[in-house]
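Asks: coords please:
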Amino acid sequence: MTTSGIASVLAKDASPTAPQSACVRIPVLGDVAAGIPIEAITDIVDYEEIDAALAATGEFFGLRVKGDSMEPRMMEGDVVIVRKQDSAETGDTVVVLVNGDSATVKKIKYGPDGISLIPTNPVHDVQFFSAADVERLPVQVIGRVVELRAKY
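Replies: Numbering: from 1, shown residues only. Below you'll find the predicted structure:
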């Protein structure tokens, strides 16, 4: 396709008759570790837009991925869209707060003796927290990842 052909297609997509979806801006609250938990950062570093229908289902925020433990799916610099919630099901990808100040993104697995935080990159180890660790540290789910925004 020629440059003028591309411009023509883009002009058609930008026409007033093209359907417009309502979006809601949510804050990106810094970095979340995809590796060893890092200090939770709550400074607003950017904004992302999510569909208004999704926004109506809860409270959302974004976090930038830092590290490689969730590769190949999540890469450093990508943004995860997180629904704020304090519970999750085994297999969910979640943001977990450890010691009240360190956040990490992992898949979660509940077991009879505690929880495991599972990376998707096989070079990283599973992090296991006993039931006593969960209470003592504490270890708590702060949200479930509902969307990934890849950045190039």
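Asks: and S130, how far is that from L137?
Replies: Between S130 and L137 the computed distance is 10 Å (C-beta to C-beta, to the nearest Å). Every residue, glycine included, has its C-beta placed from N, CA and C.
Asks: swap in S87?
Replies: The value you get for S87 to L137, if C-beta to C-beta is used, is 17 Å.
Asks: so these two - more neighbours on which side?
Replies: L137 (14 against 9; other C-beta atoms under 10 Å).
Asks: pretty sure that one sits against S102.
Replies: No - when contacts are counted by C-beta atoms under 8 Å, L137 is not listed as touching S102 (9.4 Å).
Asks: now the strands for the chain?
Replies: Assigned by DSSP state E, the strands in the chain fall at 23-33, 38-39, 46-51, 60-66, 79-84, 93-98, 102-111, 114-118, 127-130, 139-149.
Asks: which stretch in these has the least confidence?
Replies: For these, the stretch scoring lowest in mean pLDDT is strand 38-39; its value is a mean of 57.
Asks: any idea how far D113 lies from F128?
Replies: Counting by C-beta to C-beta, the gap from D113 to F128 is 8 Å.
Asks: try I108
Replies: Relative to F128, and taking C-beta to C-beta, I108 is found at 11 Å.
Asks: just to revisit the earlier point, can you redo the strands of the chain as JSON lines with mean neighbour count?
Replies: Listed next are the strands of the chain as JSON lines, based on neighbours: other C-beta atoms under 10 Å:
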{"stretch": "strand 23-33", "mean neighbour count": "19"}
{"stretch": "strand 38-39", "mean neighbour count": "14"}
{"stretch": "strand 46-51", "mean neighbour count": "14"}
{"stretch": "strand 60-66", "mean neighbour count": "22"}
{"stretch": "strand 79-84", "mean neighbour count": "20"}
{"stretch": "strand 93-98", "mean neighbour count": "22"}
{"stretch": "strand 102-111", "mean neighbour count": "19"}
{"stretch": "strand 114-118", "mean neighbour count": "19"}
{"stretch": "strand 127-130", "mean neighbour count": "16"}
{"stretch": "strand 139-149", "mean neighbour count": "18"}
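Asks: for stretch 46-58, what is the distance to the chain centroid?
Replies: Taking C-alpha atoms, centre = their mean, to the nearest Å, one finds stretch 46-58 lying 13 Å from the centre of the chain it belongs to.
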